[in-house]
Structure formats: structure tokens, C-alpha cells
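>>> Build me a structure from this.
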Amino acid sequence: MTVKAGIVCGTCDQLNPVDRRECTSCGSSLALSAQADGPPDGNEKTDAALHEAAPDTKEDEPMEQARHLVCDDCYSPVPAGHKFCGKCGKPLERNVVKDPDYFGHLQTPGKAKLILVKGEGMDGMSYHLNSDEHLAGRSHGEIIFADDPWLSPTHANFLYINDQLVVRDEDSLNGIFVAVRATTPISAGAVFMAGEQLFRVEDVAPLNQTPQADGTYFFSSPFSGATFRVVQILEGGGDGMVVNPKDNAVVIGREDADMNFPTDPYISGNHVKVEATAGGLVLTDLGSKNGTFVKIEKEQVLSHGDYLFLGHQLLRIEITN
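Below is the predicted model of the structure:
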């Protein structure tokens, strides 16, 4: 099986034939930034000089202008001039310029793509989800982040169920975290992330006011009557700060909150609130700059514009109409 490739526009993500110098969609230049930034200095050759110095057999010359070549089999970036995909090993067709069908394959209506917002390597990289299932992890699957030690070898699966994009946790150690968009019901045991901090919500056992056999009561601080508590999870899994609610709520933030983290640069002043209501526990993001992310239990339907963390990789979902 051969693999089709094209040139991905760095402005609009349109996949173009490899012999194109401008994007067929937005007209942006497909040249490398070093060629597009302005006139060369005395140590660089102009485009004309490069063409004059190059041999006449230039079948692969258009590949040198690509920002990224994309393997049509595993959607991995392929360095310019390479004949094989470095990830899956599939050969690139030498006559891809003559194939009119390849560049529409990455824009299937109703399908999704992942955008790497922040993480390992090439921020802004797109991963097109055009198959039925797409495994992601540190070493196994179609989407690999090899240098992220917080990812399991096989961490997540992006798949379509009833025409909806679903992310499934493949029994990973650290789980998958999806940003909340509104007030979200949670239950005891829920784990969530705000800034660089990780938290767990726990039930509070009813107070045991029974005296010992000799009639002596255990001496302790006054009990507030709380029904839940929020526990900070430290590196290695140990417990850090533990807070019971005041007025049935715990607010987490950088300052003037119930749990304060003044040195966390990614947490807002008042970032997130956990609250006990008549209908149960709810979690509300308080308009934070960087969002609040809740660990999914097993799988969750994703929508256009959703953000999620796999390990330390922050990804955004885009779904075409």
C-alpha cells in the first residue's frame, strides 16, 4: 500500500498538491519561513540562484517548499525530501502530484481533527480523525507523544459512535481531562484540575460522637457539618491541602479563596467552585482564564471547541460541518 502526501497550509490547514507554491484556499505562500521572511543576507542564495545551482532532475523539488508533508496513512508529519513515513514506514508515491484525489481526504465532512494547543513539539499540529478509531499514547497508536512521561503507552481512543466523536480512556494511569463549559454535576471521587493543581472530591463520614467504653469522648476540633471535602493531590499521589466547605461551597483560586495557590501562574484569582446543592454536588468554573478540567470516568462525547488534556498535551477539538 502506498501513501499519499500533500502540503498543509500553515495558515488555514488546507492540504494542497505538493507542486503548489500558494494555498488553493487562502492564497498564503507554502514556502518555508526562511524563504518567505524577506530578502536574503549575503550568506544566503536567492530562489533564482538555488534553481540555477540545482540539477535538472527535480522530481521531488516541490517537497522542499512544504511546511509539513502529511502521511495519508497515519497522519504524521513527514520531513521534506523523505521517501518514507518515519512513523509507519509507508513509502510516499513518487507521482503524488498527478493524483487529484489525495488532498480532499483530510477534509471529510462530519469528521473531527485534534489541534495541539500546547505540549510536545509542534504546537498547532493537526491530527485528522477520519478513520473509525484513533489510538493515542506515548508509544502505541496513530497519535504519539513519545516524550510525555505522564502518558501511558496506549492512553486514549478517539472513535465515532452513532456519528458522534467519543474519547475513551484505555485504562491509562493518569486519565483524560475535559474542560467544563458550564456548571457540571459531579460525585464523590471526582478528580479535576485547575491551573497546575489536581484535586479530588470526597464524602465526609458522619461524625461519630459515641464515647469510649469508659464514657470519655475523643477530643477534636468543632465539626462544621460538611458533607464533602476537597483534597489536593500531590506528586506521587499523596494528599496535600484538605478543606471542608463553608456555606456548602469550596472556592479555589490564587487569592481570597478557600484554597489559595498564590504561586501558580495558571490559576485565576477565583478559579473554580465545588458546591453542595439540593440536587447533589456541582462544579462551576468561575470564568477562569485557563479553564477547569474534569477527569472522565471511562468515555465521553466530545463537541466542537472542546479542550482536553492527555498527559501534558492540551488539545482542541474541531469538527467540520
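
>>> can I assume residue 138 is in contact with residue 170?
No: with contact defined as CB atoms under 8 Å, residue 138 does not reach residue 170; the gap is 11.7 Å. For the C-beta atoms, the positions are set from N, CA and C on the backbone; glycine is no exception.

>>> list the residues that contact both of the two?
Shared contacts of residue 138 and residue 170 (CB atoms under 8 Å, 6 or more residues apart in numbering): 152, 155.

>>> show me what contacts residue 227?
Contacts of residue 227 (CB under 8 Å, 6+ apart): 203, 204, 248, 276.

>>> make it 7 Å
Listed by CB atoms under 7 Å, 6 or more residues apart in numbering, the contact set of residue 227 reads 204, 276.

>>> Next one: it relative to residue 272, how far apart?
Between residue 227 and residue 272 the distance is 19 Å, computed by CB to CB, to the nearest Å.

>>> again, but for residue 197
Relative to residue 272, and taking CB to CB, residue 197 is found at 10 Å.

>>> Between those two, which has more neighbouring residues?
Remark: of residue 197 and residue 272, residue 272 carries more neighbours, 30 against 20, as counted by other CB atoms under 10 Å.

>>> Surely that one and residue 287 touch.
No: counting by CB atoms under 7 Å, residue 272 sits too far from residue 287 to count as a contact (9.9 Å).

>>> low-confidence ranges in the protein?
1-6, 18, 31-81, 87, 92-107, 121 (pLDDT under 70).

>>> where does residue 290 fall, helix, sheet strand or coil?
Secondary structure state of residue 290, per DSSP: H, G, I helix; E, B strand; the rest coil, is coil.

>>> who's in contact with it?
195, 266.

>>> Going forward, the N-terminal residue is numbered 16.
That works, and once the first residue is 16, the last one we named lands at residue 305.

>>> buried set for the helix or strand encompassing residue 181?
Assessed by DSSP states H and E, residue 181 sits inside strand 179-184. Residues of strand 179-184 classed as buried: 180, 182, 183, 184 (neighbour count, 16 or more other CB atoms under 10 Å).

>>> Which residue is the nearest non-sequential neighbour of the last one?
Sequence neighbours aside, residue 191 is the residue nearest to residue 184 in space, at 5.2 Å (criterion: CB to CB, 6 or more residues apart in numbering).

>>> May I have the beta-bridge partners of that neighbour?
Under the criterion DSSP bridges, residue 191 forms beta bridges with residue 325.

>>> In this structure it contacts residue 325, no?
Yes: assessed by CB under 7 Å, residue 191 is found in contact with residue 325 at 6.1 Å.

>>> Kind regards, and thank you for your time.
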